[in-house]
Each structure stands twice: as C-alpha cells, then as structure tokens.
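> Build me a model from this:
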Amino acid sequence: MKIIAMLLAFIMSLFGFTPAFAPVDAYSQAEWYALVADEFDLTYDLDDGSNYDIAEDDEYFEVIQACYDWKVLVDEYDADADVTNVLVAKSLAVAASLDGAKDANDDAALDAAVAADIVDITESIFGKIIKVAISKADADAALKLAVDARYDNYRDLENGGDITTDNGEEYNLNSLALVENAAGLTLQTADGDVIDEEEIAYLNYEGSVNPFEQPETAGINQQSILEKIDVSFSIGDLDVSAAVKDGGFDVSLGGPINGVYVKKAYEVRNFDLHTKFEGRLDETQVTKSLIFLDYDLKDSTEITGSYDWSLDEIETPEGTNDVDFFTRVTENMEFVKGADSEIEVFSIDVAIPNCPAITVGITAKLVISFDGRVELIVTSRETKGVEIVDNKVRLISESEALGSELEMEARIEAVLGLYVDISIVNIVLVDAGIEVGLGVHVTVYMTGGADNYHLDIPYDFLFDMNFTVPNAEKMTFKANVKVYGIVTISVGENSDILEPLGLCETWSICNEGNATFINETFELKAPDAA
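Below is the predicted model of the structure:
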C-alpha cells in the first residue's frame, strides 16, 4: 500500500496537484519571515501603525509588518504553515533586491530567483509550477545563496546613467562634465551648455570605483589623489600620517597622550566603492539607491604606559588613610579614564570612471579612546553601506574575521571612520558614515571578606602602584578581559534628499554588548600588604 501511495503521489505531482513525497522538516512561515527580516535588515517604523492585519501582541508582529512593507510577504500570511520552495524563492528574490524582483506576489520575483539559482523549481507536464515544502537545510542554503547573489548583483554595476530635466530634456551622464568656473561647480554638456542643478527632475545612474588603484588619474577633473593622500602632520604631541598604498591606503597615529604612548595603524586594501541612485529629485522620491564599501582591513594598536602615576599624585579625600587603595580609586576614577580624540586624516572627491558628472566624497577619521596598555592586531574582510528602496532605508553589513593576535593589559576603543557621499553638482544625494574598529575592556574584581569591588580600570595599576594595600592577604583579585568589535553605520547626515524624507538613521551594529569574541577571567597576583 505504501508503494502504491507513493506512486500515486508522484503521478499527481506531475500534474501539479500535490507534493510528491511525505512532509519534510520545514520552517513555519513565521519562523522563515523572521529569518529573512533579520538577515536582510528589513526595517519597520512602529509609528506607522499596523499595515498588515495581525494582532499587535503577536510575537511576530514587527517581523510581518516589515516583510509586508518591503513587499516580501508571499500571498496570505499563515504563521504555522510550512514554507514552500516557491515562497522561499519569491521572498528571497525581493529581499535581496534581485533584478526585476520588486514584489513577492509577481511572477518576476520567481523568475529572478530561478535565474539566480537560489531554489530548484520544477513544473508539471502541463507547465504548472509544483509547490513543495522545503526542508530547513535547503531553505538555509537558499538564504545563503540569496545573500551572495545580493552582493554579487551590487558589485556588477556599469558606470553611467542619465538625467532628465523639468522640461523633459534627457542627457547621458557619460557625455556631461563638472566644470569649475567663476560661478562655482556647474554641470555642462559637450557643447558648453550649463544644466541648472535646480532643473534636474530625474536621475538614474550606477557605478563602481577604486580611486586608489590608479591614484595618478583618480579624482575630480583627473586631479591626482597621490598628493592628497601622502600627508604627515602633527596635532599637539600626536604625529599623523596617511598614504596611498597598493589599491588602498595606510593611516597611522603615534605620540604620548596623558602619560601613555599610543601607536595606532590601519591598513586598508582592495578598496571598492559601489554606488547607485534612481529617483526623482523634483518629487524627493528615492526609488532605489545604495552606497557601500568593500575593503580588507588590518587594525593594529599599541599602547604603553600606565595611569597609576596620576593616582599617586592625587591627595586622598579628607578623613581617609593615604594607603586606602579603594578610596583613592573610587573617589578619583576620572584620573584613570582615557581621553577621546577625533582626527580628520584626509578628504577627497572622486569621479566615477566615464561618468564625471557624479562625484563621490570620501573622508577618513581616526577616533580613539584608551586606558593603559594593549597590543592588538585583527584582520577582516568588510562590506559596509546602506540601501534605499522606495524611500525605505536598510543597512548593508557583512564582516568576515580572518585572524587576530592579542596581548594586552588595559582598555581601549579605536575606530577608523570612513564617510562617503554621492553628489551631482552641488546636491548631496546619499551619504553614509561607516566606523569600524575594536575595543578591549578589562574589569578587575576584588573580594575581601564581605566587601566586593568591581572597578573599570587598567589592571596594571595593581602591579605598578607605589603604595600598598591594607589587608591584601585577605583579598582575592580577578580580571575579566573582553575583546569586541565596533561597527556603526549612519545615513543621511548631510544629504539634501534623505533629510526631508526622514531617512537619517544610525545603527550600532557591533559593540561590547553583542559582539564580544574574547571573554576570559583569570586570577591576578595581589599587591603587597600594608
């Protein structure tokens, strides 16, 4: 009977009536849409209210609203129903912004998924699509393929595009040029006619560039960036340098700050910038836009010195013993805190190859805060940026750790900030700020009898201080060390288009709370007793 049932199910499947085999271990629709929303950062504004009919106390309320708003929802939502190959294909095609896939309920979404080989789709002998439940393993594989297809699609951009003015005149961007004259920066045709920036109604362009691969010619009006990014200067006691190197750039900083010597270096290689914008400037409507960076990053930090000298020089509060270690520290915590430094290293304007009307501004900054001593080297592959679809914004954030080396006795946070914008003439269309770096946080725990102390200080203070700790033989000392990633992405801070749309946002993607990859506790040798 089982054989007959299987044969019957198989024959019926040929006509597109029913799955050929028994049910599989599949995701429910609720589980699947939660995965998609998380992987593709589908945003939903709670202030918009409920756009899809689902109870507000449902645990998947925000997920389903976001998927509905981004047009990822396929047919009617059924929380407990198994996801099918067709549902997975359509939802992923739209979430990944594959070419032609704008609505998961259109056949174009399925066609896009099939073209990208995301999910296997079969047809009956009469050409009817056969819907079958898809296993979790196959759905996970499809999700990964969709993510890869998304980024491959973003990287496969052609340099160029066109604009349309208010009076209906169309121009190919490759034939236009930005010219600086007495009136400032103007957009001109090959015949020398000036296009008024305020008359630009529609813009559609895309492009990719690595300005550091050909630094002699990269830049607006063929201006070299070799001289722009081959600099050395000082800010107080700090020495800063930056130079173009091998398809990327190096940035370094060194000098004494508040009793410690800091040496900080970033090596950026294989730097690629991908941009796209489609929308109406006259109606402030962004149909599709993205700006993101691909680069390899090597992050090196050295800090030597100690803050214990500053505590030693501080008079203890009135009425306390001058050997009272805990009072000295807890009353004077500000003296063991590092200072923040933000230093702009370079700023350049780069023209998209073969499309001089579109320029990209790139600014690099170093932002450092520190306590104590650390030596830290981490290598990674980063993909960072933002995407806008129909006036909705979401982030692009992928990171692959390649290796790390760590030797430390302190606390530090250091980031490299890269700030980019897309402009046409004097109009900033889209801008994004990307800050990536690492933090080390050492927490010292001390216990003595009924007393417990939890101090955020460089623990080398315990070993180097010039005074003693009373009753140290009764104390136990432990240190917890955390190493964590720091990633922040912002969009729209300087854009003339995004601010009126309310699309100015900042995401803290990685921090000590969610991106700790080393977390160790170990015992410390106690200082001498009083």
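
> for the stretch 1-150 of the chain, which spans come out with low pLDDT?
Scanning the stretch 1-150 of the chain for pLDDT under 70 picks out the ranges 1-23, 46-50, 123-127.

> all helices of it, in order?
For the stretch 1-150 of the chain, the helices defined by DSSP state H, counting those that start in this stretch cover 2-14, 29-39, 61-69, 85-95, 107-115, 136-155.

> and of these, who's closest to residue 128?
With Cβ to Cβ as the criterion, residue 128 lies closest to helix 2-14 of the helices of the stretch 1-150 of the chain, at 9.7 Å. Using the backbone N, CA and C atoms, a C-beta is placed for each residue, glycine as well.

> Throw the helices of the stretch 1-150 of the chain into a markdown table and include mean neighbour count and distance to residue 396, thanks.
Formatted as a markdown table, these follow (neighbours: other Cβ atoms under 10 Å; distance: least, Cβ to Cβ, whole Å):
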| stretch | mean neighbour count | distance to residue 396 |
| --- | --- | --- |
| helix 2-14 | 12 | 39 |
| helix 29-39 | 20 | 12 |
| helix 61-69 | 22 | 16 |
| helix 85-95 | 27 | 13 |
| helix 107-115 | 19 | 19 |
| helix 136-155 | 17 | 8 |
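
> Give me the residues contacting stretch 45-65.
Stretch 45-65 has contacts (Cβ atoms under 8 Å, 6 or more residues apart in numbering) with 30, 33, 34, 37, 44, 68, 69, 73, 77, 79.

> quick one, strands of the stretch 151-300 of the chain?
For the stretch 151-300 of the chain, applying DSSP state E, counting those that start in this stretch gives strands covering 160-165, 170-172, 177-181, 184-188, 194-195, 200-209, 230-235, 238-245, 248-257, 260-280, 285-305.

> picking up where we left off before, between the helices of the stretch 1-150 of the chain, which one is closest to residue 507.
helix 29-39 (13.4 Å).

> show me where pLDDT drops low in the stretch 201-350 of the chain?
Within the stretch 201-350 of the chain, the segments meeting pLDDT under 70 span 217-223, 257-262, 301-341.

> how's the chain carved up into domains?
If you go by automatic domain parsing, the domain ranges for the chain are 2-155, 184-523.

> Residue 118 is in contact with residue 85, correct?
No. Contact criterion Cβ atoms under 8 Å: residue 85 and residue 118 do not qualify, at 9.9 Å.

> what touches both of the two?
The overlap between the contact sets of residue 85 and residue 118 (Cβ under 8 Å, 6+ apart) is empty.

> May I have the secondary structure class of residue 362?
strand (DSSP: H, G, I helix; E, B strand; the rest coil).

> so can I have CSV of the strands of the stretch 151-300 of the chain showing mean neighbour count and distance to residue 512?
Listed next are those as CSV, based on neighbours: other Cβ under 10 Å; distance: least, Cβ to Cβ, whole Å:
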stretch, mean neighbour count, distance to residue 512
strand 160-165, 19, 42
strand 170-172, 13, 50
strand 177-181, 14, 44
strand 184-188, 16, 43
strand 194-195, 16, 49
strand 200-209, 20, 34
strand 230-235, 12, 28
strand 238-245, 18, 26
strand 248-257, 19, 22
strand 260-280, 20, 19
strand 285-305, 20, 16
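
> between the helices of the stretch 1-150 of the chain, which gets nearest to residue 227?
Closest to residue 227 of these is helix 136-155 (Cβ to Cβ; 29.4 Å).

> Can you check what angle separates that closest one from strand 200-209?
Here the directions of helix 136-155 and strand 200-209 differ by 110 degrees (axes from the mean of the first three to the mean of the last three Cα atoms, to 10 degrees).

> and helix 136-155, what other elements does it pack with?
For helix 136-155, the packing partners by 3 or more Cβ pairs under 8 Å, 6 or more residues apart in numbering; DSSP states H and E come out as helix 29-39, helix 85-95, strand 260-280, strand 285-305, strand 392-424.

> need those in CSV with distance to residue 63, can you?
What follows is those, written out as CSV (distance: least, Cβ to Cβ, whole Å):
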stretch, distance to residue 63
helix 29-39, 5
helix 85-95, 12
strand 260-280, 27
strand 285-305, 23
strand 392-424, 14
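
> In JSON lines: the contacts of stretch 45-65, plus distance to residue 235.
Output for the contacts of stretch 45-65, formatted as JSON lines (distance: Cβ to Cβ, whole Å):
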{"residue": "30", "distance to residue 235": "54"}
{"residue": "33", "distance to residue 235": "50"}
{"residue": "34", "distance to residue 235": "47"}
{"residue": "37", "distance to residue 235": "44"}
{"residue": "44", "distance to residue 235": "43"}
{"residue": "68", "distance to residue 235": "51"}
{"residue": "69", "distance to residue 235": "46"}
{"residue": "73", "distance to residue 235": "53"}
{"residue": "77", "distance to residue 235": "56"}
{"residue": "79", "distance to residue 235": "57"}
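
> related to what we said a few turns ago, relative to residue 488, which of the helices and strands packed on helix 136-155 is closest?
Closest approach to residue 488 among those is made by strand 392-424 (7.6 Å; Cβ to Cβ).

> Give me the average confidence score over the closest one.
What strand 392-424 shows for mean pLDDT is 66.

> start at 754 instead
Done: numbering now begins at 754, and the last item shifts to strand 1145-1177.

> between the strands of the stretch 904-1053 of the chain, which one is nearest to residue 882?
Of all the strands of the stretch 904-1053 of the chain, it is strand 1038-1058 that lies closest to residue 882, at 27.8 Å by Cβ to Cβ.

> Name every strand pairing with that closest one and say which way it goes.
When sheet partners are counted by DSSP bridges, strand 1038-1058 sits next to strand 1013-1033 (antiparallel), strand 1108-1142 (antiparallel).

> Out of the helices of the stretch 754-903 of the chain, which gets nearest to residue 921?
Of all these, helix 860-868 comes closest under Cβ to Cβ, at 28.6 Å.

> so what does that closest one touch, helix or strand wise?
Judged by 3+ Cβ pairs under 8 Å, 6+ apart, helix 860-868 is in contact with helix 838-848.

> Could you check the angle the helix it packs on makes with helix 889-908?
Using the same axes, to 10 degrees: helix 838-848 against helix 889-908 is 30 degrees.

> which other residues reach helix 838-848?
782, 785-786, 789, 792-793, 795, 820, 823-828, 854-858, 862-863, 865-867, 869, 871-874, 882, 884-887, 891-892, 895-896, 899.

> my guess is residue 822 contacts residue 797, does it?
Yes. In this structure residue 822 lies within contact range of residue 797 using Cβ under 8 Å: 5.9 Å.

> any idea how far residue 1119 is from residue 993?
Applying Cβ to Cβ, to the nearest Å, the value for residue 993 to residue 1119 is 7 Å.

> what is in contact with those two at once?
Contact criterion Cβ under 8 Å, 6+ apart; residues shared by residue 993 and residue 1119: 1004, 1006, 1096, 1098.

> Just the C-alphas of stretch 1261-1274, formatted as PDB.
Below are the C-alpha coordinates for stretch 1261-1274, written out as PDB (Å, rounded to 0.1, in the frame of the first residue of the first chain):
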ATOM      1  CA  SER A1261      25.200  50.400  16.200                       C
ATOM      2  CA  ILE A1262      25.800  47.000  14.700                       C
ATOM      3  CA  CYS A1263      28.500  45.800  16.900                       C
ATOM      4  CA  ASN A1264      29.500  46.800  20.400                       C
ATOM      5  CA  GLU A1265      30.600  45.300  23.700                       C
ATOM      6  CA  GLY A1266      27.000  44.100  24.400                       C
ATOM      7  CA  ASN A1267      26.600  42.000  21.300                       C
ATOM      8  CA  ALA A1268      30.000  41.400  19.500                       C
ATOM      9  CA  THR A1269      32.400  40.100  22.200                       C
ATOM     10  CA  PHE A1270      34.600  37.400  20.700                       C
ATOM     11  CA  ILE A1271      37.100  37.000  23.600                       C
ATOM     12  CA  ASN A1272      35.800  36.900  27.200                       C
ATOM     13  CA  GLU A1273      38.200  35.500  29.700                       C
ATOM     14  CA  THR A1274      38.500  35.700  33.500                       C
END
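
> For that stretch, give the mean pLDDT please.
The average of the pLDDT scores along stretch 1261-1274 is 82.
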